[in-house]
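> Sequence first, then the predicted structure, then my questions.
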Amino acid sequence: MVAYFALQVIYARRKYKISPPDTMGHPEFERIFRAQANCSEYFPIFLSLLWVAGIFFHQGVAAACGVLYLHARFRYFRGYTQAAQGRLGPLYASARLLWLLLGLAVAGLLAHFLLPPSRPWVPVWPLWLLGAH
């Protein structure tokens, strides 16, 4: 996906005749460039949370959140390239998914390090953390 966004910047540079390292020019180019930069800035955070949530919580749940996040980011990129206001809905959706991945990662880490290894944690760990044994 990052490669797709980078290719869109290259195509926009050619279309509007903006040579690197310039980042100013036609407003449509600036939106495409900014959308690509915004997505690239959040990608390391997304990958880290996806990895930790997948290892310590559940691979399937983390993968589903990951697919939804990528879809939201694609919609964000498309919306931003058309109009600056078109990015807001997908931006909020991708932010909520990042928070969800963070919550899953924290829950998985807490369960991994706080629960005894012999107990199944998925249905039990919230009660265990609250002290109901």
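Sure thing, it's come through. Numbers count the residues shown, from 1 in each chain.
> Please count neighbours and contacts with C-alpha atoms only from this point.
Will do.
> tell me the SS of the residue nearest the centre of the chain?
Centroid-nearest residue in the chain: F46, 4.2 Å away (criterion: C-alpha atoms, centre = their mean). Under DSSP: H, G, I helix; E, B strand; the rest coil, F46 falls in the helix class.
> Beyond the helix or strand hosting R31, next helix or strand please.
Assigned by DSSP states H and E, R31 falls within helix 27-56. Remark: after helix 27-56, the chain's next helix or strand is helix 59-82, criterion DSSP H and E.
> show me what contacts the residue nearest to Q8 when sequence neighbours are not counted?
In space, and not counting its chain neighbours, Q8 is closest to I32: 7.2 Å by C-alpha to C-alpha, 6 or more residues apart in numbering. When contacts are counted by C-alpha atoms under 8 Å, 6 or more residues apart in numbering, I32 touches Q8, V9, A12, F77, Y80, T81.
> still on that earlier bit, against N38, how distant is the residue nearest to the centre of the chain?
Distance of F46 to N38, given as C-alpha to C-alpha, to the nearest Å: 12 Å.
> Next: F5.
Using C-alpha to C-alpha, we find F5 at a distance of 10 Å from N38.
> Between the two, which is the more surrounded one?
F5 (20 against 14; other C-alpha atoms under 10 Å).
> residues touching the more buried one, list them.
Neighbours of F5 in contact, by C-alpha under 8 Å, 6+ apart: Q36, F77.
> And the pLDDT at it?
As predicted, F5 sits at a pLDDT of 91.
> tell me which element it falls in.
In this structure, F5 sits in helix 2-16 according to DSSP H and E.
> List the buried residues for the helix or strand in which L91 is found?
According to DSSP H and E, L91 maps onto helix 88-114. Within helix 88-114, the residues that qualify as buried are 90-91, 93-95, 97-98, 100-102, 104-109, 111, counting by 16 or more other C-alpha atoms under 10 Å.
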